[in-house]
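**Student:** how would this look folded up:
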Amino acid sequence: MSQNVGITAPTCAIGYAFKAIEGKWKLPVMYVLSEHGAVRYNAIKKELGITNMMLTNTLRDLEEYGLVDRIQYNEVPPRVEYSLTDNGYAIIPALKEFEKWGQLLLDAKDGEDAGDRDAGDSDGDGADVDGADVDSAVRGDGVE
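**Tutor:** From the prediction side, this is the model:
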């Protein structure tokens, strides 16, 4: 009989964290909430271009994991806002680092695109005249 071990074990913290944020929309929704505070459903939908069903399911999942609060106001018409909990905000520093990493990737891609047009890159492979990869600066291996 096999048992879940490693990151698939029910008591593994990193596995639980991965499960809490898995899926296409959870991190983008959390990022929007971190940037805007308490946000109404349609504002999230408009910013992300997400379908009603996906947004509803994503918000419910995030609520179940205790990452998002749903606040319903007793008004006419009814008003509901979503915001991050303290546990939801706890991941934001990691998302900011993820954003920096994304910028590195974009910069490297832009460098490769420029390198493809460079006269020293006759075959368009992203390597300069001496054959070093354009993305070596991203790897930090000192080869340029």
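**Student:** could you pull out the strands for the chain?
**Tutor:** Across the chain, reading from the start of the chain, the strands by DSSP state E fall at 39-40, 68-73, 79-84.
**Student:** most tightly surrounded among these?
**Tutor:** Of all the strands of the chain, strand 79-84 carries the top mean neighbour count, a mean of 17, counting by mean count of other CB atoms under 10 Å. (Each C-beta comes from the backbone N, C-alpha and C, glycine too.)
**Student:** Any regions of the protein where pLDDT drops low?
**Tutor:** Confidence mapping of the chain against pLDDT under 70 gives the ranges 1-5, 115-144.
**Student:** which residue is nearest the middle of it?
**Tutor:** When the chain is reduced to its mean C-alpha position, the nearest residue by CA atoms, centre = their mean turns out to be L27, at 4.6 Å.
**Student:** Let's have the strands of the chain in CSV, adding distance to L95.
**Tutor:** Compiled in CSV, these are given as follows (distance: least, CB to CB, whole Å):
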stretch, distance to L95
strand 39-40, 16
strand 68-73, 14
strand 79-84, 11
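**Student:** re earlier: just give me the neighbour total for the nearest residue to the residue nearest to the centre of the chain once chain neighbours are set aside.
**Tutor:** Using CB to CB, 6 or more residues apart in numbering and skipping the chain neighbours, the partner closest in space to L27 is I21 (5.7 Å). Other residues near I21 number 16, with proximity taken as other CB atoms under 10 Å.
**Student:** For I21, give its distance to Y31.
**Tutor:** For I21, the distance to Y31 under the criterion CB to CB, to the nearest Å works out to 11 Å.
**Student:** Please apply the same query to Y41.
**Tutor:** Spatial separation of Y41 from Y31 under the definition CB to CB is 16 Å.
**Student:** Who has more neighbours out of these two?
**Tutor:** Neighbours were counted for Y41 and for Y31 using other CB under 10 Å; Y31 has more, 19 against 16.
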